[in-house]
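Trainee: Provide a 3D model corresponding to the input given below.
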Amino acid sequence: MRAFVARDGAAVATLDEEERLVIARIVADVGLLLGAESFGAEHHSTLPHREDLAESLRFLEDLDDAPVEPDDPALLRLLPNASPRDRDVSDEFRRLTEEELRSTKIARLRRMWDELSADGTEWVIPAEHVMATAAALTDVRLVVASRLGLESDQDAEALHAELSRAAEAADRGVPVDADIDPERMWLGMLYDALTWLQESLVSVTLGGHA
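Mentor: The predicted structure follows:
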């Protein structure tokens, strides 16, 4: 995986086939969480879900003109309350804006999925789509962070410590600590990779090159 660079009016990153596939599947998972139709006929979810995710998806199927606060914490990060202290204000704001917000987020994710599903090793983002892609990456990272239980800087530091221990064990060829969850490590490495990619994309944008 190579960071985004500016080239011919676009931002371009290099990912191998497996990296593109993993990120594309996670992007599609977040789209499903928001109520989108499946991105691609053969999409199978790779993102570990909470036990209550099925309830959340049933809620999405039954959306009416008066949406309520999502039960799934990952979805709540994508569609937060406008006023955590005033439920009436939050509900009214949600009623007025949620449908459009969902549609915008899904459109961004679908475009990113299309780009990642293209042939070749390069992820090419036209200049006019860079900011929308950065926003979509934020949404994906929010969901992964929720699944990891990252609520604070301390949580993030603890995760990085776990990742470092696992990497050191792998380098020494010794077994990983029994208290380290392989699934959590996989999600943690994905979160770090997405963060790194997003930072490089924003850096290209702020540099005025894309």
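
Trainee: how about the strands in this structure?
Mentor: Under the criterion DSSP state E, strands of the chain are mapped to 2-7, 10-14, 122-126.

Trainee: Do me a favour and average the pLDDT over the first one.
Mentor: Which is strand 2-7. The average pLDDT for strand 2-7 rounds to 93.

Trainee: Would you mind writing the CA trace of it as CSV?
Mentor: Provided in CSV are the C-alpha atoms of strand 2-7 (Å, rounded to 0.1, in the frame of the first residue of the first chain):
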residue,chain,number,x,y,z
ARG,A,2,1.3,3.4,-1.0
ALA,A,3,0.0,6.8,0.1
PHE,A,4,-1.9,9.2,-2.1
VAL,A,5,0.1,11.4,-4.3
ALA,A,6,-1.1,14.1,-6.8
ARG,A,7,-1.0,13.2,-10.4
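
Trainee: Pull the distance from that strand to the chain's centre.
Mentor: How far strand 2-7 lies from its chain's middle: 20 Å, per C-alpha atoms, centre = their mean, to the nearest Å.

Trainee: Counting neighbours, which bits of that strand end up buried?
Mentor: Neighbour counts over strand 2-7 (16 or more other C-beta atoms under 10 Å) mark 4, 5, 6 as buried. (Glycine included, C-beta is placed from N, CA and C.)

Trainee: got it, and stretch 111-127?
Mentor: 111, 112, 113, 115, 116, 123, 125.

Trainee: Now the residue nearest to the spatial centre of the chain: closest residue in space that isn't a chain neighbour?
Mentor: Closest to where the C-alpha atoms of the chain average out (C-alpha atoms, centre = their mean) is residue 140, at 1.0 Å. The shortest distance from residue 140 to any non-neighbouring residue, by C-beta to C-beta, 6 or more residues apart in numbering, is to residue 30 (5.2 Å).
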